[in-house]
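Peer 1: Predicted structure and sequence below. I'll ask about it afterward.
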Amino acid sequence: MDSVSQVITVQDTTRPVFTTAAPADVTMNCDVPLPAQPTLTATDNCSAPANVTVVATQRREDIAGACANNYRIIRVWTATDECGNTDSVRQIITVQDTTRPVFTTTAPADVTMNCDVPLPAQPTLTATDNCSAPSNVTVVSTQRREDIAGACANNYRIIRVWTATDECGNTDSVRQIITVQDTTRPVFTTAAPANVTMNCDVPLPTQPTLTATDNCSAPANVSVVATQRREDISGACANNYRIIRTWIATDECGNMDSVYQIITVQDTTRPVFTTTAPADITVDCDAVLPTQPTLTATDNCSVPVNVTVVATQRREDIAGACVNNYLIIRTWIATDECGNTDSVRQIITVQDTTRPTFTTAAPANITVNCDAVLPAQPTLTATDNCSAPANVTVVATQRREDIAGACANNYLIIRTGSPPTNVVIWTP
């Protein structure tokens, strides 16, 4: 007899199979609690479920070059059947620190201040972090000056920044902007001259140089510009006006202050006659008056053509005098363009000293007897060099005049007619 044999070798080389899936990979922040590692199950093709074990493990794995709060949690589930066949699944939880620190003190408010005010000290601020210990959170303060486009050197900003950084490099920052400005005017260190009033022919004093300082600008950057202008006075003449002198101090930021002086120029001086008025004279009423001459005058401020001389003449009666006794008042008034005047005058005294003249003769002296009838006293006429005929009167008078040592019938009849006299002699 002979025999042959077959050996069938039965082996278990198949891995178990997970019947529950591993959680998906996740990324989470460092301050979030890790979720519990779940229990997974597995089955095997040859082993009873009770003979298939699932072991869960977890480990932390640092990330090369990353901070302490950036790392990975590696969760592994290993299923093993009773023959030692294994299979595994894993979940990677990436832990990261992406949250910025939080300031626990507030940055000072933005302020605007003048350029000559000292900057306040930059305070120290503090911050905390959700994952870093306080000692691992740093706050760095910086300060820089930032010019303002188009502004002057004294107008700028101070930018103060506080930057909080946790150990993973997450940062937050706050800032304060201090706007520095120059709004203060320069101050004059020399006073402007006092206002004055002066005559038009007095030379103007030289305009002095004034100086000024500024709270923020160097002396070399403070300019003082002097100007002068003439201002006419409404309704006044050309020689009455004002000189306005102004000094404007400007700092480098354009802040300005000004002072001024007003010089009031006036013309109060009378013109001066350059020709003398004729002397006072006395003339007879029938004399021809001399022509009134033209006089001239000059003025200290007006040109000759603006100085006028006006001649006037008037008759002035003499109180209590006859009509042919009067005064001729000749006046010359010189006026400059500002109305200042001076005057001279001549008084011509006109008088009537010439007697009237009889145009008819007085009767001749005669002698008559005491019983004779006296001839009628005739009317005589007379004329005058200055009086109209109607104003020349002839008054006839008659009086008896005794003759010394003669009898009563011997006497004189005196007939008078201012001045001729007619004498009638009576004899017995």
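Peer 2: Yes, it's here. Numbers count the residues shown, from 1 in each chain.
Peer 1: Identify the bridge partners of the most centrally placed residue in the chain.
Peer 2: Most central in the chain under CA atoms, centre = their mean is Ser258, positioned 8.0 Å from the mean C-alpha point. Beta-bridge pairing for Ser258 (DSSP bridges): Ile248.
Peer 1: same deal with the one 4 residues further on?
Peer 2: According to DSSP bridges, the residues that bridge with Ile262 are Ile244.
Peer 1: ok, it - how many residues close by?
Peer 2: 15 (other CB atoms under 10 Å). Just so you know, the C-beta spots here come from the backbone N, C-alpha and C atoms, and that holds for glycine as well.
Peer 1: Surely it and Asn195 touch.
Peer 2: Yes - between Ile262 and Asn195 a contact is recorded at 4.6 Å, counting by CB atoms under 8 Å.
Peer 1: thought the residue nearest to the centre of the chain was touching Ile248?
Peer 2: Yes - the criterion here is CB under 8 Å, and Ser258 meets it with Ile248 at 4.6 Å.
Peer 1: quick one: low-confidence ranges for this structure?
Peer 2: By pLDDT under 70, the weakly predicted segments of the chain are 417-428.
Peer 1: And the helices in it, which stretches?
Peer 2: In chain order, the chain shows no helices, with DSSP state H as the criterion.
Peer 1: So this protein: which segments form each domain?
Peer 2: 17-96, 102-181, 187-266, 272-351, 357-427 (automatic domain parsing).
Peer 1: could the ones you listed go into CSV alongside distance to Thr9?
Peer 2: CSV is the format used below for these (distance: least, CB to CB, whole Å):
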stretch, distance to Thr9
domain 17-96, 13
domain 102-181, 58
domain 187-266, 103
domain 272-351, 147
domain 357-427, 191
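Peer 1: So for Ser3, which of the ones you listed sits nearest?
Peer 2: Nearest of these to Ser3, taken as CB to CB: domain 17-96 at 31.1 Å.
Peer 1: Now do that closest one: distance from first to last residue.
Peer 2: Its first and final residues considered, domain 17-96 spans 33 Å by CA to CA, to the nearest Å.
Peer 1: can you check stretch 346-363 too?
Peer 2: With CA to CA, one end of stretch 346-363 sits 48 Å from the other.
Peer 1: got it, and stretch 207-219?
Peer 2: 21 Å.
Peer 1: Now do the buried residues in stretch 114-132.
Peer 2: For stretch 114-132, the neighbour count (16 or more other CB atoms under 10 Å) marks 115, 122, 125, 127, 129-132 as buried.
Peer 1: What of stretch 388-403?
Peer 2: So for stretch 388-403, counting by 16+ other CB under 10 Å, buried means Val392.
Peer 1: got the contact list for that stretch?
Peer 2: 356, 358, 377, 379-384, 410-418 (CB atoms under 8 Å, 6 or more residues apart in numbering).
Peer 1: What separation do you get for Pro278 and Thr291?
Peer 2: 10 Å (CB to CB, to the nearest Å).
Peer 1: So which of these two has more stuff around it?
Peer 2: Pro278 (16 against 6).
Peer 1: Skip the chain neighbours and tell me the closest residue to the more buried one.
Peer 2: Distance criterion CB to CB, 6 or more residues apart in numbering; nearest residue to Pro278, sequence neighbours excluded, is Gln346 at 4.7 Å.
Peer 1: Show me the beta-bridge partners of that neighbour.
Peer 2: Counting by DSSP bridges, Gln346 forms beta bridges with Arg330.
Peer 1: same deal with Val368?
Peer 2: Bridge pairing for Val368 - DSSP bridges - gives Trp426.
Peer 1: Any figure for the gap between it and Ala404?
Peer 2: Per CB to CB, Val368 is found 20 Å from Ala404.
Peer 1: quick one, which of those two is more surrounded?
Peer 2: Neighbours per residue, other CB under 10 Å: of Val368 and Ala404, the larger number sits with Val368, 14 against 5.
Peer 1: I figured that one was touching Leu374, is that so?
Peer 2: Yes - look at Val368 against Leu374 with CB under 8 Å: they come within range, at 7.2 Å.
Peer 1: Asn409: how many residues sit nearby?
Peer 2: With neighbours defined by other CB under 10 Å, the count for Asn409 comes to 11.
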